[in-house]
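Engineer: Quick one, what's the 3D model for this:
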Amino acid sequence: MITRQQLIEKYLAFFSSKQHKIIPSASLIPANDPTVLFTTAGMHPLVPFLLGEKHPSGKRLANVQKCVRTGDIEEVGDAAHHTFFEMLGNWSLGDYWKKEAISYSLEFLTKILKLPIEKLAVSCFAGDNDAPKDTESEKAWLALGIPKERIAFLPKNNNWWGPAGRTGPCGPDTEMFYWSSSDTPPKKFDPKDSRWVEIWNNVFMEYEKVQIKAVLVDAINTLIDKEGKLNEGLAKALESTEREIIVVTNANPNEIKSKLGRYNFKIFSLLKIPDKANPDYFKQLLKKYNLQPREVIYFDHKKENIESAGKLGIASELYEDNKQIKKWIENNLYKFIPSKQRNVDTGMGVERTLAAINNLKDNYETSSFAPLIEVIEQMSNKEYQNHEKEMRIVADHLRAAIMMIADGVVPSNVERGYVLRRLIRRAIVYSRKLNINVDKPLTKTLAETVIDTYADYSELKEKRKFIENILSAEENKFEKTLSTGLKEFERVSSNKQISGTEAFLLFQSHGFPLEMTVELAQAKKIKVDVIGFEEAYKKHQELSKTTSAGSFSSGLADNSEKTTRLHTATHLLNEALRRVLGSEVKQKGSNITPERLRFDFNFSRKLTDKEIAQIESLVNRKINARLEVVREEVAFKNAISAGAQAEFGHKYPDKVSTYTVKDPAEKKGWFSKEICTGPHVKNTKEIGTFRIIKEESVAAGVRRIKAVVEALSYSNRL
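Structural biologist: Just a heads-up that it's a prediction; the model follows:
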């Protein structure tokens, strides 16, 4: 039986022999991607390099990456779902392409893992309006001996990856499946047959999903009807796109403006010299607003105007009615364009692959979980069989919690800390269902097993005491909450029926899963409104998704000009905090969107108005000093000895990139130096005016600053 450690070692050794540089796993806390709370895939830490930044370790990389996905915590308990998991990956950053990547995959599976080719099948992208059918991958598989009957073409929801956020690198993928049954595999591959288990995924990032910057809308007979009235429904729909709206017309702009009312749309007209039927009209429009054809979409009621814009490559549509055009706008707010750099991103889940190649039906029977399950059996005096769900939840949740704590997450009531707290408490509740003696140190005992099982992650051993203390404190705190929850249960159950709202409050406030509430209620021979609970839970999920979408609307992965400016401003802020508050200030996390930056740092008290003004002033002085920003590739040890700031607890490769804000006024010749993957502006003059909009506490000893950069002045654009 192949163990976890053996699989990882074989994988990394194989790709090392193919000239891949082995890089360390990045932190579970994404350094530059606020679209997610945790690193959810091996490619997340590499987004800047997938977008064209040069990686210090070269064009061929491989590693095993720690990942966490929390979207389906309630699904944990079956044989396959996990919150924390490990992903083996190899990358080509503008180097080899489909033929080589597919060849490497098959060679590893058949030559290194000794899987018979007769038990393998693959899927490829079927093609759609965004990208063609992936016949290139099909040809590569056929040439290597995979029969045509074992190749399935599937749509985008099956064989397309990315982007990680709303925008970014993405592309078709080809997936490999292993026949997990002892039965003879069928000649033809049926992706719906669950006996075919996906074990590897090669993503070919040949596209970038970008958002359009502007919508061009015809004025007369479209935005303004034949009677000269504003098409209010269309105007509202355009406003909701959050894009720049440019009304294109042959008429007098002032006449059009008087019809628009409260809508602050831009108006473009050349008074028919030339008119919209002439492509020169749109050439001049694009030039005036500094736009590219791919950055705009256009609709008009006249076919000749549509054809005119189309000659320049502007996506255009004939207006028929509001319903039709709203749908068209919605489908065209984002575009897939050929990527400047073609990349290969592959992923092989350790737990799933171990189960498949060892002919196991249960991921929790692999060496990734077996030691944990054994300890839980001993502590509960119960066997895994017939108690699978409870033991899986305890093992999975505490393994994930330990990994999170090792990377700097601590329990709280917001964001990552809330997820961590929820995992720990859910594990404790399910340990109660196993009748594990509450006097035994559950979390500490399991932490020891996890740390020993995953000894290859040195940070676990280094932070053993810290991990155990955090877990013990949270366990003790929850025991008190659990006791309070039991008292609350007694109160609400006195009515002989527990409403859906009451059951949900027990779940949300006291960590009681519905199953636990139902079980306690059955013992008292009272009913629980399960349907009402599910309705309340559904509303909570929808609210959480809405909140999450608002908090994480975009990220550094979009590589936009505004995000890049904010990224460099974050470096200036980091150094300004150290200058004003003291050198002991360290970064605890950052979150950058095109709208604002958010920066967490250690500090014991609220900042005074004077301190905030000093920090803001210092950052703006450095911006106005027009300082050069320089990127260098250096050895990690040399970067640290040269004074570069690094993120606490983050693992770095031997060679790193640093960004230095040069400053001849400083004795050392620079104001700020940080290890970072970028991107950044070339000169601080590009940033604009820096303004702090909020300073607050987010945890004990941790403060948060939110800031924006405002429009560049004309002089700074020169």
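Engineer: got the residue ranges for the helices in the stretch 1-150 of the chain?
Structural biologist: Taking DSSP state H, counting those that start in this stretch as the criterion, the stretch 1-150 of the chain carries its helices at 4-17, 47-50, 98-107, 135-143.
Engineer: Among the ones you listed, which comes closest to Ile314?
Structural biologist: Minimum separation from Ile314 across these (Cβ to Cβ) falls at helix 47-50, 27.9 Å. Every C-beta, even on glycine, is put in place using the N, C-alpha and C of the backbone.
Engineer: out of the helices of the stretch 1-150 of the chain, deepest packed?
Structural biologist: Taking mean count of other Cβ atoms under 10 Å as the contact definition, the stretch among the helices of the stretch 1-150 of the chain with the greatest mean neighbour count is helix 47-50, which reaches a mean of 25.
Engineer: Off-centre distance for that one?
Structural biologist: Using Cα atoms, centre = their mean, to the nearest Å, the distance from the centre of helix 47-50 to the centre of the chain it belongs to is 13 Å.
Engineer: Can you name every helix or strand that that helix contacts?
Structural biologist: Helix 47-50 sits against strand 168-179, strand 334-349, with contacts defined as 3 or more Cβ pairs under 8 Å, 6 or more residues apart in numbering; DSSP states H and E.
Engineer: In PDB, please show the C-alpha coordinates belonging to it.
Structural biologist: Extracted as PDB, the C-alpha positions of helix 47-50 are listed here (Å, rounded to 0.1, in the frame of the first residue of the first chain):
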ATOM      1  CA  VAL A  47      -1.200  34.000  -9.700                       C
ATOM      2  CA  PRO A  48       1.200  36.900 -10.300                       C
ATOM      3  CA  PHE A  49       3.500  34.500 -12.200                       C
ATOM      4  CA  LEU A  50       0.700  33.000 -14.200                       C
END
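Engineer: Mean confidence (pLDDT) on that helix, please.
Structural biologist: What helix 47-50 shows for mean pLDDT is 85.
Engineer: now do stretch 310-327
Structural biologist: Average pLDDT, stretch 310-327: 96.
Engineer: Could you do stretch 247-265 as well?
Structural biologist: If you average the pLDDT values across stretch 247-265, you get 94.
Engineer: do the same with stretch 442-456
Structural biologist: 93.
Engineer: again with stretch 217-231
Structural biologist: For stretch 217-231, the mean pLDDT works out to 94.
Engineer: Stretch 471-491 too?
Structural biologist: Stretch 471-491 comes out with an average pLDDT of 84.
Engineer: got the buried residues for it?
Structural biologist: Using 16 or more other Cβ atoms under 10 Å as the test for burial, stretch 471-491 gives 471, 474-475, 478, 482, 485, 488-489.
Engineer: Which of the residues you listed fall in helices?
Structural biologist: 471, 474-475, 478, 482, 485, 488-489 (DSSP state H).
Engineer: For those residues, give me JSON lines that also has distance to Gln324.
Structural biologist: Written out in JSON lines, the entries for those read as follows (distance: Cβ to Cβ, whole Å):
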{"residue": "Leu471", "distance to Gln324": "57"}
{"residue": "Glu474", "distance to Gln324": "55"}
{"residue": "Glu475", "distance to Gln324": "58"}
{"residue": "Phe478", "distance to Gln324": "55"}
{"residue": "Leu482", "distance to Gln324": "56"}
{"residue": "Gly485", "distance to Gln324": "53"}
{"residue": "Glu488", "distance to Gln324": "54"}
{"residue": "Phe489", "distance to Gln324": "55"}
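Engineer: Out of the residues you listed, which is nearest to Tyr418?
Structural biologist: The shortest approach to Tyr418 among these belongs to Glu474, at 12.1 Å (Cβ to Cβ).
Engineer: what about the closest one, distance to Leu505?
Structural biologist: The span separating Glu474 from Leu505 equals 21 Å under the rule Cβ to Cβ, to the nearest Å.
Engineer: likewise Lys461?
Structural biologist: 41 Å.
Engineer: Can you name the residues that contact Lys606?
Structural biologist: Contacts for Lys606 (Cβ atoms under 8 Å, 6 or more residues apart in numbering) come out as 695, 697, 703.
Engineer: before we move on, what about Phe265?
Structural biologist: By Cβ under 8 Å, 6+ apart, Phe265 lies in contact with 217, 235, 238, 245-247.
Engineer: What backbone torsions are found at it?
Structural biologist: Taking degrees, to the nearest 10, you get phi -80, psi 150 for the backbone angles of Phe265.
Engineer: before we move on, back to that, which one of the helices of the stretch 1-150 of the chain lies nearest to Thr660?
Structural biologist: Within those, the stretch nearest Thr660 is helix 47-50; the backing value is 17.0 Å (Cβ to Cβ).
Engineer: Please save the CA atoms from stretch 216-231 in PDB.
Structural biologist: What follows is stretch 216-231, C-alpha atoms only, in PDB (Å, rounded to 0.1, in the frame of the first residue of the first chain):
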ATOM      1  CA  LEU A 216     -21.600  52.100 -25.500                       C
ATOM      2  CA  VAL A 217     -25.300  52.700 -26.000                       C
ATOM      3  CA  ASP A 218     -27.200  54.200 -28.900                       C
ATOM      4  CA  ALA A 219     -29.200  57.300 -27.900                       C
ATOM      5  CA  ILE A 220     -32.200  57.900 -30.100                       C
ATOM      6  CA  ASN A 221     -34.700  54.900 -30.400                       C
ATOM      7  CA  THR A 222     -32.700  52.900 -27.800                       C
ATOM      8  CA  LEU A 223     -31.900  54.800 -24.600                       C
ATOM      9  CA  ILE A 224     -34.400  57.500 -25.600                       C
ATOM     10  CA  ASP A 225     -37.600  56.400 -27.300                       C
ATOM     11  CA  LYS A 226     -39.400  57.800 -30.300                       C
ATOM     12  CA  GLU A 227     -41.300  60.300 -28.100                       C
ATOM     13  CA  GLY A 228     -38.100  61.700 -26.700                       C
ATOM     14  CA  LYS A 229     -38.500  60.000 -23.300                       C
ATOM     15  CA  LEU A 230     -35.800  58.200 -21.300                       C
ATOM     16  CA  ASN A 231     -36.000  54.400 -21.400                       C
END
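Engineer: ok, now how distant is Ser472 from Ile451?
Structural biologist: Using Cβ to Cβ, one gets 14 Å for the distance from Ser472 to Ile451.
Engineer: Ok, Phe599 next?
Structural biologist: According to Cβ to Cβ, Phe599 stands 31 Å off from Ile451.
Engineer: ditto for Phe466
Structural biologist: Between Phe466 and Ile451 the computed distance is 11 Å (Cβ to Cβ).
Engineer: Among these two, which residue is more densely surrounded?
Structural biologist: Of the pair Phe466 and Ile451, Ile451 is the one with more neighbours under other Cβ atoms under 10 Å, namely 20 against 13.
Engineer: SS state for the closest residue in space to the more buried one that isn't next to it in sequence?
Structural biologist: For Ile451, ignoring the flanking residues on the chain, the nearest one in space by Cβ to Cβ, 6 or more residues apart in numbering is Leu460 at 4.5 Å. Here Leu460 is recorded as helix under DSSP: H, G, I helix; E, B strand; the rest coil.
Engineer: Relative to Val450, how far out is Leu460?
Structural biologist: With distances taken as Cβ to Cβ, Leu460 is found 7 Å from Val450.
Engineer: Pretty sure Arg703 sits in a helix.
Structural biologist: No - note on Arg703: no helix contains this position according to three-state DSSP, which reports strand.
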